[in-house]
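>>> Predicted model, plus sequence, below.
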Amino acid sequence: AIDAIINQKGTGVTCVYVAIGQKQSTIANVVRKLEEHGAMEHTIVVAAGAADPAPMQFLAAYSGCTMGEYFRDRGEDAMIVYDDLSKQAVAYRQVSLLLRRPPGREAFPGDVFYLHSRLIERAARVNADYVEKFTDGEVKGKTGSLTALPIIETQGGDVSAFVPTNVISITDGQIFLETDLFNSG
């Protein structure tokens, strides 16, 4: 996903990287890599680290999406990377349990599917009429788009767990990466 952001350099695409529940050192390494490749010139980083409260981790994805929509609705192209939605779901579970909402499968609230579907479905292409109307005629003849790259971390490669199956059912395509291959170098 970081390579996808780096490869947008010079294309006019604004990128939003949303780090959810990541270690601060991991976030710093991502930012350093983006800086090394000159990608920070077209990238916004939204970070709610592992040490941040669960409500911040839950809301970070929505904040990043709103930033991407800002560019899309003005006739520009944007790309957002959610890293990762499984940690957002865990944060949402924590908040929901504190609010005494009834738990469902794997102690996640029943609306966790809706949580991710309404987020991912905000990634869209808008036509020129929408852009012109949204900008009160300031921008004419341009379409805008927001592309989402959601990342899910599985436990032991189990894609049949609740959150991975939900996100798989929402997205158009998936890329599976093997931890063993990654660790082998």
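Arrived safely.
>>> Correct me if wrong: A39 contacts V13.
No - the pair A39 / V13 is not scored as a contact, 10.7 Å apart, by C-beta atoms under 8 Å. The C-beta positions use only the backbone N, C-alpha and C, and glycine is treated the same way.
>>> which residue is nearest the centroid of the chain?
Nearest to the geometric centre of the chain sits Y82, at 2.1 Å (C-alpha atoms, centre = their mean).
>>> Check which helix or strand L146 maps to.
Using DSSP states H and E, L146 maps to strand 144-151.
>>> What of M56?
Going by DSSP H and E, M56 is part of helix 54-72.
>>> rewinding a little: thinking the residue nearest to the centre of the chain is in contact with A19, fair?
No - distance between Y82 and A19: 9.2 Å, which falls outside the contact criterion (C-beta under 8 Å).
>>> that older thread, quick check: neighbours of the strand holding L146 in the sheet, parallel or antiparallel?
Strand 144-151 has these partner strands in its sheet, going by DSSP bridges: strand 77-83 (parallel), strand 125-126 (antiparallel).
>>> which residues are contacting the helix or strand following the longest one?
Sequence-wise, the next helix or strand beyond strand 77-83 is helix 85-98, with elements assigned using DSSP H and E. Where contact means C-beta atoms under 8 Å, 6 or more residues apart in numbering, the residues beyond helix 85-98 that reach it are 20-22, 54-55, 57-58, 60-61, 82, 103, 107-109, 112, 115-116, 119, 150-154, 163-164, 167.
>>> can I assume V167 is in contact with L119?
No - checked against C-beta under 8 Å, the pair V167 and L119 is beyond contact range at 10.0 Å.
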